[in-house]
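[1] What follows is a predicted structure for the sequence shown.
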Amino acid sequence: MSDFRQTDGPACGTVRGVTEDFERCWRAVAAKDARFDGWFYTAVTSTGIYCRPSCPARTPRRENVRFYPTAAAAQAAGFRACKRCRPDATPGSPEWDRRADAAGRAMRLIADGAVDREGVAGLAARLGYSERHLHRLLVAEAGAGPVALARARRAQTARVLLELTDVPITDVAFAAGFRSVRQFNATVREVFALAPRDLRVRARARTRSRAGGGTTASRTADAITLRLPCRAPFDGAALLGFLGTRAVRGVEAYDGTRYRRSLSLPHGGGVVALTPASGHVRADLWLDDLRDLGPAVQRCRALLDLDADPVAVTGALGADPVVGPLVRAAPGRRVPGHVDGAELAFRAVVGQQVSVAGAATVAATLAARFGEPLDRPHGTITHRFPAPEALAGLQPGDAPMPAARARTLAALARALAAGDVRLDAGADPRETRAALLALPGIGPWTADYVAMRALRDPDAFLATDLGVRKAIEALGHDGRPAAVLALAERWRPYRAYANTHLWALPGAQQARRRVAAAA
């Protein structure tokens, strides 16, 4: 069953895929295979309901089934969400994570709330298209236009707020991104076949039932607690360990189980605590503004690579004689992302040719001196990482780093502040890489590291990275950059995953902890 996610042909995550691959999608539904949740949605004409492929309800008659690439497409066709399988609470399609074309970039921006903040005109301007062309493109690729896609996202955020908080229903409407209470009420009724108040009452009754008649608080000390679903297998401990090793004092903390960090969001600051669990990651969010719930969730998902398809990655890399044994031994390994592209880029520059611990120390100095203090500190999490505007005037001597690196950091900050370099969800990886390489002091390692972690490019690869080279040598191959790059050609389009597996080798970890030789 996993073959249609490993081929280079049509996948069920696109309009073309769900129309051409009906048989494959149908077999997934008949098997109730949870691995396909989020790749496509199953709508049943006899009931008017759309579900995830693994819905536990009785399998519908084949002639009554329609497949859609997104929840928005199913909603636009007149179907409402199943109350049993809750199809909006699934991992997202990895199709949109790995695509660098306009459709993929648009989907990532919509998920980050760009339409709510800037409208369709703003989204189209970011991508360099007219509104009409963008609408045609998304209908062709995702089955729905930008308005419908944003509406589906608002409905999902509204459901979360209604079910997990005590926020007044009127406030929920605006926090979810709706422009009016009337629009909010109509959308919730249409998508979930319940009024907002009834949706909240139903959720509380379900909670009491699970708790044996008692009550279970879902929001304590102003925290919103969510389950972020992911596809199995998922090695959350290794991923959080990677982030914890690089934790910046005042911005991040890791205690061996739970990873916490500050967030810079469109309407204010926040803090998140992430804890891996069975089949999901628990996220405790403290937000200055509830309108930032959707963007915060999306950025946490990107940080942990939760929409990845580990079965497809293993299928593509598992038979390779070099990295195959590593992939098969740890199939749940993810590529660590980031919650803020600008922060990641700054930290990549700081980390040039220094140890991991040394880079974290310098970054902590920058955060303490130039970062914005949180309105509500959370233990040791006290600051947001500095924004580009705060570092644009950085001078040599302002932080413990070489003068040349300080000048590079300031030049990067000015380019980000001016929009000459873009690192948001809609950035084009190739254009961004070229713009980064044009800045003084930024070379291929930094540009590729940013592409891998900030832009979520699954094919980014660090051929010059000391850890990667040492790992390749430990596996019995030539570790010179040109030879490593040639070897990695056969790992496309998942070179970033191969890179992460190579990093995990003990020899690579030791090499990366040492201070690299000066260029």
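    Cool, the structure landed.

[2] And the helices in the stretch 151-300 of the chain, which stretches?
    Here the stretch 151-300 of the chain has its helices, by DSSP state H, counting those that start in this stretch, at 169-175, 181-192, 196-210, 236-245, 293-304.

[3] and residue 467, which of the ones you listed is closest to it?
    Distance to residue 467, taken as C-beta to C-beta, is lowest for helix 236-245 among the helices of the stretch 151-300 of the chain, at 11.7 Å. All C-beta spots, glycine's among them, are computed from the backbone N, C-alpha and C.

[4] Going by mean pLDDT, which of the helices of the stretch 151-300 of the chain comes out lowest?
    For the helices of the stretch 151-300 of the chain, mean pLDDT drops lowest on helix 196-210, to a mean of 83.

[5] picking that back up, and residue 41, which of the helices of the stretch 151-300 of the chain is closest to it?
    That would be helix 181-192 among those, by C-beta to C-beta, at 12.5 Å.

[6] Only the buried residues of the closest one, if you could.
    Neighbour counts over helix 181-192 (16 or more other C-beta atoms under 10 Å) mark 184-185, 187-188, 191-192 as buried.

[7] So what does residue 407 look like in phi/psi?
    phi -70, psi -40 (degrees, to the nearest 10).

[8] got a list of what it touches?
    Counting by C-beta atoms under 8 Å, 6 or more residues apart in numbering, residue 407 touches 396, 440-441.

[9] Which of those has the largest number of neighbours?
    Neighbour counts for the contacts of residue 407 peak at residue 441, which has 16 neighbours (criterion: other C-beta atoms under 10 Å).

[10] isn't that residue right up against residue 349?
    Yes: at 7.3 Å, residue 441 and residue 349 qualify as touching, with contact defined as C-beta atoms under 8 Å.

[11] what residue ranges in the stretch 101-250 of the chain score low on pLDDT?
    208-221 (pLDDT under 70).

[12] if you set the cut-off to 50 instead, what comes out?
    Within the stretch 101-250 of the chain, the segments meeting pLDDT under 50 span 211-220.

[13] Redo the contacts of residue 407 as TSV? Include secondary structure and pLDDT.
    Below are the contacts of residue 407 laid out as TSV (DSSP: H, G, I helix; E, B strand; the rest coil; pLDDT from 0 to 100):
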residue	secondary structure	pLDDT
396	coil	92
440	coil	95
441	coil	95
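
[14] between those, which is nearest residue 373?
    Nearest member of the contacts of residue 407 to residue 373, counting by C-beta to C-beta, is residue 396, at 25.2 Å.

[15] Distance-wise, check that closest one relative to residue 474.
    The spacing between residue 396 and residue 474, counted by C-beta to C-beta, to the nearest Å, is 38 Å.

[16] and what of residue 129?
    To residue 474, residue 129 is 47 Å away according to C-beta to C-beta.

[17] Comparing the helices of the stretch 151-300 of the chain, which comes out most buried?
    Mean neighbours per residue, mean count of other C-beta atoms under 10 Å, is largest over those for helix 293-304, with a mean of 24.

[18] could you show me where the strands are in the chain, in order?
    For the chain, the strands defined by DSSP state E cover 41-44, 49-51, 65-68, 80-81, 224-229, 252-254, 259-265, 268-277, 280-287, 373-378, 381-383.
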